[in-house]
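Student: Output the structure for:
(2 chains)
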Amino acid sequence: MNGLVYLKNVVTLELDQEKCNGCRMCIIVCPHAVFAIENKRAVILDKDLCMECGACEKNCPENAISVRSGVGCAAGIINGILKGTEPTCDCSGSGGSCC
Amino acid sequence: MNTRFLTGNTFGTIPQISTIWSRRDLWETIKIRWSVGRMDYKIEPGIYAVGNPGESSPVFVTANFKLTFDHVRRALDGMDAWLLVLDTKGINVWCAAGKGTFSTNELIRQIDLVGLEKIVNHHKVIVPQLGAVGVSAHEIKKNTGFSVIYGPVRAEDIHDFMEAGMKATKEMRAVRFTTWDRLKLIPVELANGKYYLILVPAIFLILSGLNPKGYSIDMAYHDGLRSVFILLIAYVTGCGITPVLLPWIPFRRFALKGLLTGWLAAFILVYFHFLGHWYLEIISWFLIIGSVSSFLAMTFTGTSTFTSLSGVQKEIKTAVPMQIGMAALGVIAWIVSKFIAL
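Tutor: Numbers count the residues shown, from 1 in each chain, chains lettered A, B, ... in the order given. Sure, this is the predicted structure:
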């Protein structure tokens, strides 16, 4: 992803190494290679690469990962603010196009 | 519902699908890329046969968006497999997983509904990796007994993935966003404007007739067409050029990237005397082009594959007030320039 990095120091990803059982699931599901295994436990390599998709949190059997996941989509967030809801790209609406 | 991909053969009650695209499929792919009837291309959820599968054949899971389904069935060419299509309301795997339709519950429901237990003698389903946003592997195991194996991100890697013993390499696991990927997205980005693409130019066209003496149809025509052309440039710069050149444009914030390319376009237009000869009008166009291009570039965060919710929230906090301010100032300055020009 050379040249394609987003803002620094904003990502909400947290890993509790105490809980990690080293199953590697986070490494398998992460689309941006944020995790690695060191001494049989997961470590975060570069938090700024995380896009907060939430796949790691969802697939961690030990609940060792937390992240405030959601769409990194300006239109979705603005829609959410206007409608007073959570950020959502309302792609599935009639005639709408998808993200 | 579209069923032309069915071969007519069945395995019990399970229909077999073709792994070859017809000319019609290619045409429909092009239409989807241009956002034409994009939401009408849904596949009936359920299980399909690829090749001549048996009870030991692998089970692939996918979404019921035709563009997705077509790429998966084409990638399975030459294999004997089962394809389990979830009901994602015609949305692709990644977006549907984010929305909660490509989900743990839907996968459990379809495994039950089609009776997967009786179709295969193993307990494995291969889920595309990006589906992990909505699917929890350990929950699936707990509820159905099936183990989720996460496959590659891209369908085109399925063959290599299977040959490697259902192991994805680092490359197969990584989401890319190549220039070609971004180019393919431009049509749908350009089509996103919908009726605004008529409305905004129409307003400018009408207002272009304003002058110190009142209103001139002739000016509305000449200046109006020029205004429409300028707006079109701003539009294409924001949602076409900026996305394609994304990695090479300085700044991390998409709004700033769009502002920069918008202003570059404005400088080129100034060079060709397109923004008028009066300073106020030129400044007004810089503000308008800048805000339009910046806003549209910012909306590309939703299409990109690497922006986080927290990051975009931070970006829009400063970018949206800037864009609204620039647009408002720009339009006011442009109207004022109509009355004090000449």
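Student: Can you tell me the centre-most residue of chain A?
Tutor: A:Glu52 (2.0 Å; CA atoms, centre = their mean).
Student: three-state assignment of that residue?
Tutor: Three-state call for A:Glu52 (DSSP: H, G, I helix; E, B strand; the rest coil): coil.
Student: how about the nearest residue to it once chain neighbours are set aside, what does it touch?
Tutor: Nearest-residue entry for A:Glu52: B:Ser308, 4.1 Å, with adjacent residues in sequence omitted and distances by CB to CB, 6 or more residues apart in numbering or on different chains. For glycine as for every other residue, the C-beta is placed from the backbone atoms N, C-alpha and C. If you count contacts by CB atoms under 8 Å, 6 or more residues apart in numbering or on different chains, B:Ser308 has them with A:Tyr6, A:Leu7, A:Val10, A:Val11, A:Cys50, A:Met51, A:Glu52, A:Gly72.
Student: at 6 Å what do you get?
Tutor: B:Ser308 makes contact with A:Val11, A:Met51, A:Glu52, A:Gly72 under the criterion CB atoms under 6 Å, 6 or more residues apart in numbering or on different chains.
Student: host element of the first one?
Tutor: For A:Val11, there is no enclosing helix or strand under DSSP states H and E.
Student: was I right about it contacting A:Leu49?
Tutor: No. Using CB atoms under 6 Å, A:Val11 is not in contact with A:Leu49, being 8.5 Å away.
Student: Among those two, which residue is more densely surrounded?
Tutor: A direct count of neighbours by other CB atoms under 10 Å in any protein chain shown for A:Val11 and A:Leu49 places A:Val11 higher, at 23 against 20.
Student: For B:Thr3, see how far away B:Glu171 is.
Tutor: Computed with CB to CB, to the nearest Å, the distance linking B:Glu171 and B:Thr3 is 35 Å.
Student: Mind checking which of the two has more residues around it?
Tutor: Neighbour totals were compared for B:Glu171 and B:Thr3, and B:Glu171 leads with 12 against 9 (other CB under 10 Å).
Student: Verify the stated contact: B:Pro152 with B:Ala168.
Tutor: Yes. The pair B:Pro152 and B:Ala168 qualifies as a contact (CB under 6 Å) at a distance of 4.8 Å.
Student: what is in contact with these two at once?
Tutor: Common contacts of B:Pro152 and B:Ala168, defined by CB under 6 Å, 6+ apart, comprise B:Phe161.
Student: Looking at these two, which is more packed in?
Tutor: Ranked by neighbour count (other CB under 10 Å), B:Pro152 and B:Ala168 place B:Pro152 first, with 25 against 20.
Student: which ones are touching that one?
Tutor: The contact partners of B:Pro152, taken as CB under 6 Å, 6+ apart, are B:Phe161, B:Ala168, B:Met172.
Student: give me the subset of those residues touching chain A.
Tutor: Checked against chain A using CB under 6 Å from any CB of the partner chain, these yield no neighbours at all.
Student: with these in mind, which one is nearest to B:Val120?
Tutor: In terms of CB to CB, no member of these lies closer to B:Val120 than B:Phe161, at 18.2 Å.
Student: what about the closest one, which helix or strand?
Tutor: For B:Phe161, the enclosing helix or strand under DSSP H and E is helix B:158-163.
Student: May I have that helix exported as CSV, CA atoms only?
Tutor: Output for helix B:158-163, consisting of C-alpha atoms alone and laid out as CSV, is shown next (Å, rounded to 0.1, in the frame of the first residue of the first chain):
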residue,chain,number,x,y,z
ILE,B,158,-8.9,-19.3,-5.3
HIS,B,159,-7.1,-21.8,-7.5
ASP,B,160,-3.7,-21.0,-5.9
PHE,B,161,-5.3,-21.0,-2.5
MET,B,162,-6.7,-24.5,-3.1
GLU,B,163,-3.4,-25.8,-4.6
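Student: Outside of it itself, which residues are in contact with it?
Tutor: Among residues not part of helix B:158-163, those counted as contacts by CB under 6 Å, 6+ apart are B:Ala75, B:Gly151, B:Pro152, B:Ala168.
Student: for stretch B:82-94, same thing?
Tutor: Outside of stretch B:82-94, the residues that reach it under the criterion CB under 6 Å, 6+ apart are A:92, A:98, B:39, B:42-43, B:45, B:47-48, B:50, B:53, B:57, B:59-65, B:68, B:96, B:101-102, B:106, B:110, B:128, B:130-131.
Student: so of these, which ones are in helices?
Tutor: Filtering the contacts of stretch B:82-94 for membership in helices, criterion DSSP state H, returns B:Thr68, B:Ala96, B:Glu106, B:Gln110.
Student: So for the first one, what's the pLDDT?
Tutor: At B:Thr68, the pLDDT value in this model is 95.
Student: any idea how far B:Ala333 is from it?
Tutor: Taking CB to CB as the criterion, B:Thr68 is separated from B:Ala333 by 47 Å.
Student: more neighbours, these two?
Tutor: In this comparison of B:Thr68 against B:Ala333, neighbours counted by other CB under 10 Å, the higher total goes to B:Thr68 at 25 against 19.
Student: Got phi/psi on the closest residue in space to B:Arg33 that isn't next to it in sequence?
Tutor: If the residues on either side of it in the chain are set aside, B:Arg33 comes closest to B:Pro187, at 5.0 Å by CB to CB, 6+ apart. When quoted as degrees, to the nearest 10, the phi and psi of B:Pro187 stand at phi -50, psi -50.
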